[in-house]
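A.B. asks: Make a model of this:
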Amino acid sequence: MKKLLLSLAIATTSLLSAQDFKIEVEITGFKNDKGAALIGLYNTIDSFLKKGIRTGMSVVKNKKAYIVFSNLPKGEYAVMMYHDENTNGKMDANFIGIPKEDYAASNGARGFMGPPKYDDAKFTVTSDKKIVIKIK
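C.D. replies: Next up is the predicted model:
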């Protein structure tokens with residue numbers, strides 16, 4: 001009986017751990033290596049650009065940045081980032097709200113007269129995934 005319970009516990013643990021995935025994000029196209037890349041991972045339309053389920057910062061080196069989000073369940077996600085060149089922790093904008101610092105989203109999503117839309121930036125994770133985001 002103990003062996004059966006142990007076998008079931010191991011099988012359940014293996015099954016649950018198989019549901020933990022990672023998203024590797026490489027960001028290219030920076031104009032310079034100043035400051036840092038601030039990156040958010042989102043999983044709902046309501047949280048997009050408001051409160052990421054994960055956030056992180058990456059140094060910019062050789063005009064590239066890199067981050068890994070791990071221990072994620074399968075599902076739908078979107079990534080948004082901006083280049084915080086002056087390291088003030090916020091995206092700087094001009095007097096009418098147009099960003100002064102470069103930004104980009106997964107799938108190359110771009111907004112028209114505003115930020116990108118979640119539906120344009122979302123992608124599905126069913127296994128480990130690597131995405132490349134190019135700043136334009």
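A.B. asks: only C-alpha atoms for contact and neighbour calcs from this point on.
C.D. replies: Noted.
A.B. asks: Where does the prediction get shaky in this protein?
C.D. replies: Confidence mapping of the chain against pLDDT under 70 gives the ranges 1-18.
A.B. asks: ok, 80 please
C.D. replies: Scanning the chain for pLDDT under 80 picks out 1-19.
A.B. asks: just the helices in this structure please.
C.D. replies: 2-17, 118-121 (DSSP state H).
A.B. asks: My read is that Tyr118 contacts Phe48, right?
C.D. replies: Yes. Using CA atoms under 8 Å, Tyr118 is in contact with Phe48, at 6.3 Å.
A.B. asks: Quickly list what's touching both of the two.
C.D. replies: Common neighbours of Tyr118 and Phe48 are listed as Ala78 (criterion: CA atoms under 8 Å, 6 or more residues apart in numbering).
A.B. asks: Look up which residues are beta-bridged to Ile67.
C.D. replies: Val25 (DSSP bridges).
A.B. asks: how about the strands in the protein?
C.D. replies: When assigned using DSSP state E, the strands of the chain occupy the ranges 21-28, 36-42, 54-59, 64-72, 75-84, 103-105, 123-125, 129-134.
A.B. asks: could those strands be laid out in a markdown table, adding mean neighbour count?
C.D. replies: Written out in a markdown table, the entries for those read as follows (neighbours: other CA atoms under 10 Å):
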| stretch | mean neighbour count |
| --- | --- |
| strand 21-28 | 19 |
| strand 36-42 | 23 |
| strand 54-59 | 16 |
| strand 64-72 | 17 |
| strand 75-84 | 22 |
| strand 103-105 | 24 |
| strand 123-125 | 15 |
| strand 129-134 | 16 |
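A.B. asks: Serialize these to a markdown table and add fields for distance to Ala93.
C.D. replies: A markdown table is the format used below for the strands of the chain (distance: least, CA to CA, whole Å):
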| stretch | distance to Ala93 |
| --- | --- |
| strand 21-28 | 21 |
| strand 36-42 | 16 |
| strand 54-59 | 20 |
| strand 64-72 | 22 |
| strand 75-84 | 11 |
| strand 103-105 | 12 |
| strand 123-125 | 28 |
| strand 129-134 | 20 |
